[in-house]
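> A predicted structure for the sequence below; I have some questions about it.
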Amino acid sequence: MMLISAQVNIEAAHFTPFGGEDDARRQIHGHSYLVRAWVEAEPGVEDLDRLREDLTAASLPLDHALLNEVEGLSGPSMEAVADFVAQRLAPLWPGLRKVSVARPTLGYEVIRELA
Ligand SMILES: Nc1nc2c(c(=O)[nH]1)N=C([C@H](O)[C@H](O)COP(=O)(O)OP(=O)(O)OP(=O)(O)O)CN2
Ligand SMILES: [Zn+2]
């Protein structure tokens, strides 16, 4: 078995509870997020194009959205984005093992691992 993965970019806005009352992160602002899914699969069996298409569809409700207002998203954090995508992708991809969300400009990444 191997891990195969595909990545999509989403643009989203949020406001966060981080920092003090005058912290700029409490105002609505936008970011680019890289969302990646890993699937355990036999080499050459699963279609990476289909994985990317399904990942795009799973992430679509978040793209150009205000994360704080997305139904089913537990919050505006990177972890919440990873869980949202993982929950939508897992039924389509039983071999799904990880979903990560990265903010490369900050060097931040979170990973939801699935059994
Ligand atoms: N466990 C988590 N901790 C933090 C998260 C998170 O998602 N999970 N997120 C943040 C903030 O988003 C982080 O401080 C970045 O702040 P933000 O305003 O989103 O981005 P910046 O303005 O700093 O970066 P730019 O790329 O310049 O917009 C903190 N902790
Ligand atoms: Zn932010």
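Structure received. Numbering: from 1, shown residues only. Ligands and ions are numbered 1, 2, ... in the order given.
> so Gly30 bridges to which residues?
Ala13 (DSSP bridges).
> my read: it touches Leu62, true?
No - counting by C-beta atoms under 8 Å, Gly30 stays clear of Leu62, with 11.9 Å between them. Where you see a C-beta, it was placed from the backbone N, CA and C, and this is true even at glycine.
> Neighbour count for those two, which is higher?
Leu62 (22 against 11; other C-beta atoms under 10 Å).
> if I pick that one, what's in contact with it?
Residues counted as contacts of Leu62 (C-beta atoms under 8 Å, 6 or more residues apart in numbering) are 10, 12, 33, 70, 73, 81, 84-85.
> Sort out for me which of those residues are in strands.
Counting by DSSP state E, those place 10, 12, 33 in strands.
> May I see those organised as JSON lines, with distance to ligand 1 added?
Listed next are the ones in strands among the contacts of Leu62 as JSON lines, based on distance: C-beta to the nearest ligand atom, whole Å:
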{"residue": "Ile10", "distance to ligand 1": "14"}
{"residue": "Ala12", "distance to ligand 1": "10"}
{"residue": "Tyr33", "distance to ligand 1": "10"}
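> sorry, back to before: redo the contacts of Leu62 as JSON lines? Include neighbour count and pLDDT.
As requested, the contacts of Leu62 are exported to JSON lines (neighbours: other C-beta atoms under 10 Å; pLDDT from 0 to 100):
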{"residue": "Ile10", "neighbour count": "21", "pLDDT": "98"}
{"residue": "Ala12", "neighbour count": "21", "pLDDT": "98"}
{"residue": "Tyr33", "neighbour count": "23", "pLDDT": "98"}
{"residue": "Val70", "neighbour count": "18", "pLDDT": "97"}
{"residue": "Leu73", "neighbour count": "20", "pLDDT": "95"}
{"residue": "Val81", "neighbour count": "27", "pLDDT": "98"}
{"residue": "Phe84", "neighbour count": "24", "pLDDT": "98"}
{"residue": "Val85", "neighbour count": "28", "pLDDT": "98"}
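> which one of the residues you listed is nearest Val45?
Checking these against Val45 with C-beta to C-beta, the nearest one is Val85 at 22.6 Å.
> Verify the stated contact: the closest one with Val35.
Yes - applying C-beta under 8 Å, one finds Val85 in contact with Val35, separated by 5.7 Å.
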